[in-house]
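>>> Here you go, sequence then predicted model.
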Amino acid sequence: MRVQARRAGALLGGLMLPAVSLADWTLNMSPGVTSSSNEIFSLHMTILWICVAIGVVVFGVMFWSIFAHRKSDDRKPANFHENTLVEILWTVIPLVILVVMAIPATATLVDMYDTSEAEIDIKVTGYQWRWKYDYIDQEFGYFSNISTSDDEIYNRTEKSEHYLLDVDNPMVIPTNTRVRLLLTANDVIHSWWVPEFGVKKDAIPGFINEVWTQVDEPGIYRGQCTELCGVKHGFMPVVVKAVPREEYDAWVNEQTAAAEAERELTQKDWTMAELMERGEKAYATACAACHQPDGTGAPPAFPALKGSQMALEDMEGHIDIVVNGSAGTAMQAFGNQLSEVDLAAVITYERNAWGNNTGEMVTPKQIFDYKNQE
Amino acid sequence: MSAVTDTHAHDDHHHGPAKGITRWLLTTNHKDIGSMYLIFSFTMFLLGGAMAMVIRAELFQPGLQIVEPEFFNQMTTMHGLIMVFGAVMPAFVGLANWMLPLMVGAPDMALPRMNNWSFWLLPCAFLILVSTLFMQGGAPNFGWTFYAPLSTTYGPPSTTFFIFAVHIMGISSIMGAINVIATILNMRAPGMTLMKMPLFVWTWLITAFLLIAVMPVLAGVVTMMLMDINFGTSFFDASGGGDPVLFQHVFWFFGHPEVYIMILPAFGAVSHIIPAFSRKPLFGYASMVYAVGAIALLSFVVWAHHMFTVGIPIAGQLFFMYATMLIAVPTGVKVFNWVATMFRGSLTFEAPMLFAVAFVILFTIGGFSGLMLAIAPADFQYHDTYFVVAHFHYVLVPGAIFGIFASAYFWLPKWTGHMYDETLAKTHFWLSFVGMNLAFFPMHFLGLAGMPRRIPDYALQFADFNMVSSVGAFMFGATQILFLVIVVKCVRGGEKASAKPWDGAEGLEWTVPSPAPYHTFATPPEVK
């Protein structure tokens, strides 16, 4: 029944849109690349076929009545309206079918909830509107932002192959290794989903959820945030790169060294120009989503920074709100999200961009001292 | 008592409705109030539908063309709220007002003044809700499920108005439910025992109990939001020691019975229409009543199936999975009974029957996808994708909405005294049927292919089915104007309807003339 309906639907759609060249009429779930996703897929197909079978029987009887028992053919109606045996049968049979469905479903669920030791732990934190991946055993972490440009989104240029599903820094995991993800969120609830892993788990502020996966096939896997999390909910993709173990180890070493170098930058003497340049970049990834690239914001939820009293006069307050956020509003605490260098650069940038010409500079050392005095 | 009756009989024996606007403002007549509910509901249906058109227009192609994501989120939120609270629920209350007294042989609802008030609260509530679209910061943008903390700490300033509107709607619904229960339990005609009540009366009785049980829970959860937003509490704020997941538990404790509130009265109406046009009594009346009761009871213990991905412990997952699957049993019994009613009948297919048959088929498809969603591990893949959107639109559009259209066509002759235009009504049905399937069936594929819900823009592999879906949605949307034309035409004139225009129909409502006089059953009929 449904398969026919699907084919008919696809056919109808196909006839309506002959001009579409890049036709993609994917009808079904992907079996995916992990043991969980394969089990889910087979569960999905089992239930689908059971439903199709029930549908064929029920709709079969119904359509037969529709075609054969018409008043226009002078049919006299029967008058039966009760049969206890039949009622019992069609209560018990579905119950048995449900038990048959429940058994494999329970087994799969128990398997997915197996929280035994994993080799690698990655903390996944949802932010409005990007993901942060912390490799907690190796002491480094980074943000993963969408890399699709506004020009593509607003149809000013051709859309790339992985439109809306590409990020600057994907999560990297080794193949053939059990990886445990610890999910949480910084602001609102997000949900981390990679269809091909069969992994979807909510990232909730104040909670840590746990989920595991093991990918054997190297490759790049894409997903999206699946819990409405605000304006840019549709623009926070998940990209995971699964690489062989050696490649992963090399990548970890590189990342650890880079994190160390970043920490050393705090001690460096920065010039105004350097801070402004770095600040512009950091502003674009961390602040522009709410306060807009031109600093005009979207009042009242997201105040303008351009010409704001705080950005022009109150430097202490400015550092405080960026580092600690503002309770009860959408302004997050960026103290742990950005490095001292980026914090200093962003504040310097905000005080000197879009006509905010204070000429004042905030150095990474100042931020470091500010954080440690508290 | 007798003195009052006497003077009444003297000055105005055939007294009809008051003249002018006061007839509508001050009326305590169940028929007038029923009509006002139905008109209000259809107005909201068009408004919510217009918002759906904005959504589908934006999703016609990948990229952002028509609206910004901020406004898109306001549209999805308002579309959901208006359709649930403004279109579907008031439509059923309207049907209840018109039909319950006629079906149980009562002269009016038990509490007519409260009836007036519960209606007039609704336009006030929706005026407030719709006005948020014009406020600074925009309308609510956090989805009709308004999960905290997106709706509290991160909500727009208009959230407080939204909460106030929900409170008013809740009061209106609770009063409506009290009225329904009081009418059904106290005002049945002599001889009408509970197990002789028409099924529409039964389903509404159970629905009313569901309303009384869960609307206060909704009021509670929005009040907690109100406190979090304006009075510094931290019910749902993790940084203050609160719990965002608590919000979802409380919301869905309301939300799941709520979805049955939107479908049970349709079950009742269809249980009158299918026998009428099959010219055969309903199969398994008693089991139909028990099935509705079972569905209502189970609806209180399945709420966390909306939350399989929040990380509840495995014992909880299993409990909610099994309980949810169990609902398939009574629902199946209902479908089997409807099919058995049609079996070996003498069928004709006027508009009410067309909508009722489509209801059974398409609601069953929605039920199948519901069963798939109940399987917790599979739900990890379906959750918050277009598969869910397809599922609940299949149970709500051909479920609730087609049930309402079927009821409207079935009872329009009784309300207006005229037959509606059958050709136009059949056109309305077929265009709705094709449009609806074209709009919502492809959403199953989109969800399975991995498209999340509530996104204003999507990856390129989802483009084709989205375009098909939008075309279907425009078709469905435009067709509904036809319904307005048919109803207006029917009110103004047409072939005179007899007291019982459908030869297979049964029940007390067909013993009064068409149109039903302003006052009916001043002396209760006798039911044997």
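Noted; the coordinates are in hand. The model shown is predicted, which means the values in this text are computed figures rather than measured ones. Numbering: from 1, shown residues only, chains lettered A, B, ... in the order given.
>>> Tell me the spacing between B:Leu424 and B:Ala351.
As judged by Cβ to Cβ, to the nearest Å, B:Leu424 and B:Ala351 stand 9 Å apart. Placement of C-beta: from N, CA and C, glycine included.
>>> the more surrounded of the two?
Legend: neighbour count by other Cβ atoms under 10 Å in any protein chain shown for B:Leu424 and B:Ala351, higher for B:Ala351 (24 against 16).
>>> I'd like the distance between the closest residue to that one other than its chain neighbours and chain A.
Spatial nearest neighbour of B:Ala351, excluding adjacent residues (Cβ to Cβ, 6 or more residues apart in numbering or on different chains): B:Ala425 at 3.7 Å. To chain A, B:Ala425 is 18 Å away according to Cβ to the nearest Cβ, to the nearest Å.
>>> Am I right that A:Asp202 sits in a strand?
Yes. Counting by DSSP: H, G, I helix; E, B strand; the rest coil, one finds A:Asp202 located in a strand.
>>> Kindly tell me how buried the residue nearest to B:Ala351 is, as a neighbour count.
24.
>>> Let me see the contact set for the residue of chain B found nearest chain A.
Closest contact between chain B and chain A, by Cβ to the nearest Cβ, is at B:Ala238 (2.4 Å). For B:Ala238, the contact set (Cβ atoms under 8 Å, 6 or more residues apart in numbering or on different chains) comprises A:204-207, B:149, B:244.
>>> What pLDDT is listed against residue 71?
All of this is about chain A. We have a pLDDT of 87 for A:Lys71.
>>> my question was about chain B
At B:Phe71, pLDDT is 95.
>>> Please name the residues that touch B:Ile171.
Counted by Cβ under 8 Å, 6+ apart, B:Ile171 has contacts B:118, B:121.
>>> part of a strand, is it?
No. Read with three-state DSSP, B:Ile171 is helix and lies in no strand.
>>> Now name the helix or strand holding the nearest residue in space to B:Leu448 that is not next to it in sequence.
The spatial neighbour of B:Leu448 that comes closest, neighbours along the chain excluded (Cβ to Cβ, 6+ apart), is A:Met29 at 4.4 Å. Counting by DSSP states H and E, no helix or strand carries A:Met29.
>>> Repeat that for A:Ser116.
Counting by DSSP H and E, no helix or strand carries A:Ser116.
>>> Then A:Lys241?
Going by DSSP H and E, A:Lys241 is part of strand A:237-243.
>>> how far is that strand from where the chain is centred?
From the chain centre to the centre of strand A:237-243 is a distance of 11 Å (Cα atoms, centre = their mean, to the nearest Å).
>>> try stretch B:339-354
24 Å.
>>> which residues touch residue 338?
Since you didn't name a chain, this refers to chain A. Contacts of A:Leu338 by Cβ under 8 Å, 6+ apart are A:282, A:286, A:346.
>>> could you do chain B instead?
Residues in contact with B:Trp338 (Cβ under 8 Å, 6+ apart) are B:270-271, B:274, B:283, B:360.
>>> any idea how far B:Lys496 is from it?
31 Å.
>>> thinking again about what came up before, quick check: phi and psi on the residue nearest to B:Leu448?
phi -70, psi 150 (degrees, to the nearest 10).
>>> report the longest helix in chain B, please.
helix B:199-230 (DSSP state H).
>>> Check which element follows it along the chain.
helix B:244-261.
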